[in-house]
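> the following block contains a protein sequence and its predicted model.
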Amino acid sequence: MPEQAFSTPETFTRLQPFFRKNETNGEYLNFLLCRFNERVITMRKLFTTMLAVALTAAVSATAVAKDYKIAVTDIQGMDALISEWGPFKEALEKATGHSFEFFPVTSQTATAEALRSKKLDFAITGPAEYVAINKLTNAEAMIGLARPDYYCGIVVKNADGINRVSDLKGKAVSFANPGSTSGHFCPMQVLRDHGIDPMKDIKVVHTKKNLQHTGLVRGDTAGIGVKISSWIKYDRSKEANGNGDYKVLARSGDLPYDMLMGAGHLTAAERDEIKNAIVANEAMMVAGILAGLDDKGEVANDKYEGTRLLPVNDSDYDMVRDMYITAGLPEFGIQD
């Protein structure tokens, strides 16, 4: 990989002269910039070092190199795929000895169609997407991206006097865009598990994740269903009491993982070979995930810090199938 890929992000480079002129805050801001740049550079160099190590034991000496297509369902456009997941693709090629080409997709339906028509071999996707795609195709679960703190909950304002989930009955509750595992299906299941039918007992409001908290503050909704780790990071510094104004009314258990799935047209031997190579080279693969950069030059996949790469089975996602039923989509639930 070219050395310039590890250079200081352009945005920060342009701002540095301004910070140096500002004697009051300049030194501190420069310090923060240096720490940020060091973090990105260290992460990228660590990945490059690991990639340079020949891990030939992970690849069969008699294996014939193949060409595969891979998609990431929540990334649109080839440029974004290359920037955010290119290092992972390189690590995957190094670990397996095969060639992988990005295949851009625009939707869950497009992913399913590409898998079904044999234009796509592998896809990285979320739990709810996997369940739907698995229903539409015979793609199989392979490797889970087991990240920490992946669970959801219902958040309310302390001042509203809502102390039990049952207090939300008849009120408006906000969820993320339809189809989100942690922002839609999971919090609906939390309500169901506490005796509230989300399809009958509350007013369901869908909104963008970054607007959910705003609606709660204004009183548009009585509660919000969110991924708790993301909500905790939300900037409430301008609010009077910050986190003290809110409470997590109820939370889920840990959710099934984001995952790598393999198309049904692949043989079991092909899927097992890729799966075993990823597990054998886990550190290099995770470093590749974390080395991806977004369009601002920042770490794109920081949500995967601390991630393990673990084999998964289709039955690990039955919990999500129950969530589909709760959300009024029984066609994606477990069939008797």
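That came in fine, so what should we check first?

> go ahead and confirm Lys169 touches Asp201.
Yes. Using C-beta atoms under 8 Å, Lys169 is in contact with Asp201, at 4.9 Å. From N, CA and C alone the C-beta is placed, and that goes for glycine too.

> and the strands in the stretch 1-150 of the chain?
Along the stretch 1-150 of the chain, the segments classed as strands by DSSP state E, counting those that start in this stretch run 67-72, 99-102, 122-125, 140-146.

> columns mean pLDDT on top of the ones you listed, output as a markdown table?
Output for these, formatted as a markdown table (pLDDT from 0 to 100):
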| stretch | mean pLDDT |
| --- | --- |
| strand 67-72 | 98 |
| strand 99-102 | 98 |
| strand 122-125 | 98 |
| strand 140-146 | 98 |
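
> buried deepest among those strands, which one?
Neighbour counts (mean count of other C-beta atoms under 10 Å) averaged over each of these peak at strand 122-125, with a mean of 24.

> and that strand, how far out from the chain's middle?
Strand 122-125 has its C-alpha centroid displaced from the chain centroid by 12 Å (C-alpha atoms, centre = their mean, to the nearest Å).

> note down every partner strand of it and its orientation.
strand 67-72 (parallel), strand 258-262 (antiparallel) (DSSP bridges).

> between these, which one is closest to Asn163.
Asn163 lies closest to strand 258-262 among these, at 33.6 Å (C-beta to C-beta).

> quick check: buried residues in that closest one?
Neighbour counts over strand 258-262 (16 or more other C-beta atoms under 10 Å) mark 258-262 as buried.

> mind putting these in a markdown table, distance to Asp295 and pLDDT included?
Shown next, in a markdown table, are these (distance: C-beta to C-beta, whole Å; pLDDT from 0 to 100):
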| residue | distance to Asp295 | pLDDT |
| --- | --- | --- |
| Asp258 | 21 | 98 |
| Met259 | 25 | 98 |
| Leu260 | 24 | 98 |
| Met261 | 27 | 98 |
| Gly262 | 30 | 98 |
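
> helix or strand for the residue nearest to Phe88 when sequence neighbours are not counted, which one?
Once flanking residues are discounted, Phe88 sits nearest to Gly288: 3.9 Å by C-beta to C-beta, 6 or more residues apart in numbering. Assigned by DSSP states H and E, Gly288 belongs to helix 282-290.

> and for Leu249?
Here Leu249 is assigned to strand 246-251, by DSSP H and E.

> pairing partners for that strand, with directions?
Strand 246-251 has these strand partners (DSSP bridges): strand 152-157 (antiparallel).

> pLDDT of the partner strand, averaged?
Averaging pLDDT along strand 152-157 yields 96.

> now do it: distance to the chain's middle.
Distance, stretch centre to chain centre, for strand 152-157: 20 Å (C-alpha atoms, centre = their mean).

> go on, stretch 298-312?
That offset, for stretch 298-312, works out to 8 Å (C-alpha atoms, centre = their mean).

> so that it lines up with my notes, have the first residue be 132 from now on.
Let's use 132 as the start, then, which means that last one is stretch 429-443.

> now do the helices in the stretch 182-331 of the chain.
Remark: helices assigned in the stretch 182-331 of the chain by DSSP state H, counting those that start in this stretch are 209-227, 239-247, 258-267, 317-324.

> in TSV: the ones you listed, plus distance to Ile293, mean neighbour count and mean pLDDT.
Listed next are the helices of the stretch 182-331 of the chain as TSV, based on distance: least, C-beta to C-beta, whole Å; neighbours: other C-beta atoms under 10 Å; pLDDT from 0 to 100:
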stretch	distance to Ile293	mean neighbour count	mean pLDDT
helix 209-227	39	20	98
helix 239-247	34	20	96
helix 258-267	27	23	96
helix 317-324	13	24	98
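
> which one of the ones you listed lies nearest to Ser446?
helix 258-267 (11.3 Å).

> how many residues are close by Gly208?
11 (other C-beta atoms under 10 Å).

> check contacts around the residue lying closest to Gly326 once chain neighbours are set aside.
With sequence-adjacent residues excluded and distances taken as C-beta to C-beta, 6+ apart, Gly326 is closest to Ser297, at 6.2 Å. Contacts for Ser297 (C-beta atoms under 8 Å, 6 or more residues apart in numbering) come out as 325-327.

> could you do His344 as well?
355, 362, 365, 367.

> in strands, which of the residues you listed appear?
With DSSP state E as the criterion, strands contain Ile355 from among the contacts of His344.

> top of the contacts of His344 by number of neighbours, please.
Ile355 (28 neighbours).

> now for Val417, how many residues are close by?
Neighbours around Val417, by other C-beta under 10 Å: 23.

> leaving aside the residues adjacent along the chain, what's closest to it?
Thr438 (5.6 Å).

> ok, that neighbour touching Arg278?
Yes. Using C-beta under 8 Å, Thr438 is in contact with Arg278, at 4.6 Å.

> who has more neighbours, the two?
Thr438 (21 against 18).

> can you list phi and psi of that one for me?
phi -70, psi 140 (degrees, to the nearest 10).

> OK, contacts around it?
Per C-beta under 8 Å, 6+ apart, neighbours of Thr438: 276-279, 417, 420.
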